[in-house]
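# Generate a structure from the sequence data that follows.
(chains A and B)
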Amino acid sequence: MLYTKVIDVKEKRLSIAEAEDFISSSVFGASIFFSGTVRNQNDNKSVIGITYDSHDALVIKSFKEIYNEADQKLNIKDKAVFVEHAKGYLNLGEISIIIAVACKHRDEAYILSRYIIEEIKKRSPIWKKEHYSNNESNWLKGNPIVHEKN
Amino acid sequence: MKIILELFGASRDFSKNDYLEFEINGQTSIKEFREILLTFVDKKFKGNTDFKKIIESSAFCSEKNEIISDNYKIQKEQKIGIIPPIGGG
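Now for the predicted structure:
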């Protein structure tokens, strides 16, 4: 069971409560909620906010691929996964990503949650532009996406 | 034929719009299109080295939302997305 969305923060904010509603089930005994938030320092620079950019269709595609791979690579069959990522400008402390997972047991839930965020970092086309207290801003360098197909 | 290049991430600094338009020959490969973009940076931004690095390190995405390699031939008018190095989450 999977729910994914890229949220334009001009329209709404990410909500842990919505994630909890989606993964709640008596079938599962373990739930993990991960949220990424905007931090006030990076590379010794004073950050005041981040603009997130996204190729929405590719991001959703990557989230689905990561979810499906969990079946094969991690052998975690029974699970509920909620993944939302923000798009647009966020202030300090605001949530940029929520990954909520529910599994039968805690070992699976921890492994799955960690797997999803690490794969998103490598594969999902999302970009960050940091804004600093000195009025400058900068796109973060990131890592090249893997070429998948000819 | 006309190609609309959709801009994402750091490549958004290439234009005030969300896209750029290019007129290219049929059967242009992504490798050749990358060269066209480098020439564009030479002309429009005086060879800005940061912009050139973005182009050299970017992947490209077809209008079917598939990452396409340097060998991919652009055979019809379409939108192509430039995918600079990623780092969200």
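
# Can you name every helix or strand that the helix or strand that A:Ile48 is a member of contacts?
When elements are defined using DSSP states H and E, A:Ile48 is found to belong to strand A:45-54. Contacts of strand A:45-54 with other secondary structure elements, assessed using 3 or more C-beta pairs under 8 Å, 6 or more residues apart in numbering or on different chains; DSSP states H and E, are made with strand A:79-91, strand A:126-132. Every C-beta, even on glycine, is put in place using the N, C-alpha and C of the backbone.

# Columns mean neighbour count on top of those, output as CSV?
Putting these into CSV (neighbours: other C-beta atoms under 10 Å in any protein chain shown) gives the following:
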stretch, mean neighbour count
strand A:79-91, 21
strand A:126-132, 21
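
# Taking chain B, what residue is nearest to chain A?
As assessed by C-beta to the nearest C-beta, chain A sits closest to B:Gly88 within chain B, at 2.4 Å.

# is it true that that residue touches A:Ile120?
Yes: if you go by C-beta atoms under 8 Å, B:Gly88 and A:Ile120 touch, sitting 6.9 Å apart.

# residues near A:Ile111, how many?
By other C-beta atoms under 10 Å in any protein chain shown, the residues close to A:Ile111 number 16.

# That one: which element?
Taking DSSP H and E as the definition, one finds A:Ile111 inside helix A:106-123.

# helices and strands around that helix, which ones?
Of the remaining helices and strands, those touching helix A:106-123 by 3+ C-beta pairs under 8 Å, 6+ apart are strand A:30-37, helix A:56-69, strand A:79-91, strand A:95-103.

# Would you tell me which one of those is buried the most?
Of all the helices and strands packed on helix A:106-123, strand A:95-103 has the most neighbours on average by mean count of other C-beta atoms under 10 Å in any protein chain shown, namely a mean of 24.
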